[in-house]
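> Here you go, sequence then predicted model.
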Amino acid sequence: MKALVCVKRVIDYNVKPRVKADGTGVDLANVKMSMNPFDEIAVEEAIRLKEKGVVTEIVAVSVGPAKAQETLRTALAMGADRAILVVSETEVEPLAVAKIIKAIADEEQPGLIITGKQAIDDDANQVGQMVAALLGRPQGTFANEIAVEGDSVVVKREIDGGLETVKLALPAIITTDLRLNEPRYASLPNIMKAKSKPLASKTPEDYGVDIAPRLKTLKVTEPPVRSAGIKVPDVDALIAKLKEMGVA
Amino acid sequence: MSKTLVWVEHDNASVKDATLAVVTAAAQIGEVTALVAGSGCDAAAAAAAQIAGVSKVLKADDAAYANALAENVAPLVAGLMAGYDAFVAPATTTGKNIAPRVAALLDVMQVSDILSVEGPKTFTRPIYAGNAIATVESSDAKIVLTVRGTAFAKAETTGGSAAVEAVAAGGDAGTSSFIGSEIAKSERPELTSAKIIVSGGRALKDADTFQSVIIPLADKLGAGVGASRAAVDAGYVPNDYQVGQTGKIVAPEVYIAVGISGAIQHLAGMKDSKTIIAINKDEDAPIFQVADIGLVGDLFTLVPELTGKL
């Protein structure tokens, strides 16, 4: 069974995003970029399934700028077999990304499509569910544990207040939550080896997908700043404050 | 006037709180019809009809909708949307699972986790884990939204008298089935809905100390318990305690950060809390820059003293 993993190049999670002074977006110039943390978990899960002999080939896909090639090289260094980069220097919305992945899935016929539950830049949490809808296949979102059993996959999902288990007929789409696994670091020899793994470069037009945005960003602002707080000298003063708030 | 279809989150017997903020948000866009999809959900539909601001309730009662499997309910919603302008769901794990599937079936680009309604098709939403707020306008003919519950007032659960209308069910897509669920039975409120949260950081030293220092304070306050990534990585508490950009995003009335320095990714997960209280021995810790009330000192003496005096 082939697995498709979808990864996105995003601002590194340790970097504090700064809103541009003109309110058009977040300043990404000279900012460290990395693979979306949830997508790293997706790549790791595919590799583990390959190590178990469930998955035979891992194809990593990214829709993004030419520089997203670095992100795909990281996926290849972790253990993906080959990669497809769909290049767009303008931002592609989740719906259009989903259409591109759907088209790639039609060509590649994967048994599993695994991706992060959301990207830490636009926080949309949409692509996996949209791919599932477009393919007419089941979805296991916010996966905490997955097990392939014959022609189905059992997915333990993180839901508000606990966990839920569903059984999905393959092919299926999985979106990863934080606790699914802990992604490995790529070793230096594997990073070197990844440089010679195949990476195909495509465009949205190759898949016949119109990426014209449906949403127009009117402005991007800083969140309201918190007013400067006070310091209390001791526990009694803190309790007095808690009482004022009706907490204690 | 626009017509909105609201996803009612329920357990077949009663309506869950998350629905109430969604009704408020939807009412700012247009007339509100509430959709109760479930199995044996008469009581939930009756409860939805009582919510102030709901003008009609659609009830889709079928075994296929018992566990809100997206494969079964998304086609139902997409079909009903022929008569509506906007589908509005809570940004809960249920809403986030279903809404994008509906959006794709309708060929609509969803607007996720809205914080406010600025116009018929204009909304604000957090991006970069709340480090920036985007105002976006949709050009789609229909709108699909998920709503951040903490950003809207809750509609009253009484005062409405909507008619309940049964709608035909679409049946089971046959591609997924529900096996079971494990819902934490603890009396402790869950992080994403807790009014008060007590969170511990790496300074708690080890798992036993975390238990003996943080838990009694949380018990005293009836609070949820969270932790920084550093505390989770150090193994003091399980992963699902983690508050932060890659963990849970919380916005309680009161957030008490104990021994948490305030790394960027932790702040991203809790800085929308109404009141932040920080207890830390380092008076220069970044957490004090966002804290409303700070107490500088040794947590191992201050927290037990606080717990004892409450």
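Structure received. Numbering: from 1, shown residues only, chains lettered A, B, ... in the order given.
> What segments of chain A are helices?
A:37-51, A:68-78, A:94-108, A:127-135, A:188-194, A:235-244 (DSSP state H).
> Output those as CSV; include the columns distance to chain B.
Placement of C-beta: from N, CA and C, glycine included. CSV is the format used below for the helices of chain A (distance: least, CB to the nearest CB, whole Å):
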stretch, distance to chain B
helix A:37-51, 5
helix A:68-78, 17
helix A:94-108, 5
helix A:127-135, 4
helix A:188-194, 24
helix A:235-244, 5
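> Out of those helices, which one sits most buried?
Among the helices of chain A, ranked by average contacts under mean count of other CB atoms under 10 Å in any protein chain shown, first place goes to helix A:127-135 (a mean of 27).
> Summarise which helices and strands that helix is packed against.
In terms of contacts (3 or more CB pairs under 8 Å, 6 or more residues apart in numbering or on different chains; DSSP states H and E), helix A:127-135 is packed against helix A:94-108, strand A:112-116, strand A:139-149, strand A:172-176, helix B:70-80, helix B:93-106.
> switch to 6 Å and redo it
Judged by 3 or more CB pairs under 6 Å, 6 or more residues apart in numbering or on different chains; DSSP states H and E, helix A:127-135 is in contact with helix A:94-108, strand A:172-176, helix B:93-106.
> From the chain's centroid, how far away is that helix?
Using CA atoms, centre = their mean, to the nearest Å, the distance from the centre of helix A:127-135 to the centre of the chain it belongs to is 14 Å.
> try stretch B:78-92
Between the mean C-alpha point of stretch B:78-92 and the mean C-alpha point of its chain there is a distance of 18 Å (CA atoms, centre = their mean).
> Using PDB, write out every CA atom in it.
Extracted as PDB, the C-alpha positions of stretch B:78-92 are listed here (Å, rounded to 0.1, in the frame of the first residue of the first chain):
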ATOM      1  CA  ALA B  78     -24.600  19.900   2.200                       C
ATOM      2  CA  GLY B  79     -28.000  18.900   0.800                       C
ATOM      3  CA  LEU B  80     -29.900  21.100   3.300                       C
ATOM      4  CA  MET B  81     -27.600  24.000   2.400                       C
ATOM      5  CA  ALA B  82     -29.600  24.500  -0.900                       C
ATOM      6  CA  GLY B  83     -32.000  26.500   1.300                       C
ATOM      7  CA  TYR B  84     -29.500  28.400   3.400                       C
ATOM      8  CA  ASP B  85     -26.800  31.100   3.000                       C
ATOM      9  CA  ALA B  86     -24.400  30.100   5.800                       C
ATOM     10  CA  PHE B  87     -23.500  26.900   7.700                       C
ATOM     11  CA  VAL B  88     -22.300  27.700  11.200                       C
ATOM     12  CA  ALA B  89     -20.700  25.100  13.500                       C
ATOM     13  CA  PRO B  90     -18.800  25.300  16.800                       C
ATOM     14  CA  ALA B  91     -15.000  25.100  16.600                       C
ATOM     15  CA  THR B  92     -15.200  22.000  18.700                       C
END
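> And for the residue nearest to residue A:54 when sequence neighbours are not counted, the neighbour number?
The spatially closest residue to residue A:54, leaving aside those adjacent along the chain, is residue A:148, at 4.8 Å (CB to CB, 6 or more residues apart in numbering or on different chains). Applying other CB atoms under 10 Å in any protein chain shown, we find 17 residues neighbouring residue A:148.
> does residue A:148 have beta-bridge partners, and which?
Using DSSP bridges, the bridge partners assigned to residue A:148 are residue A:153.
> residue ranges with poor pLDDT in the stretch 1-150 of chain B?
For the stretch 1-150 of chain B, no stretch is flagged by pLDDT under 70.
> any idea where the strands of it begin and end?
B:3-7, B:31-38, B:54-61, B:86-90, B:111-114, B:116-119, B:122-127, B:132-138, B:143-147 (DSSP state E, counting those that start in this stretch).
> Which residues does the last one contact?
This points to strand B:143-147. Contact with strand B:143-147 is made by B:22, B:25, B:86-91, B:95, B:99, B:102-103, B:108, B:110-114, as judged by CB atoms under 6 Å, 6 or more residues apart in numbering or on different chains.
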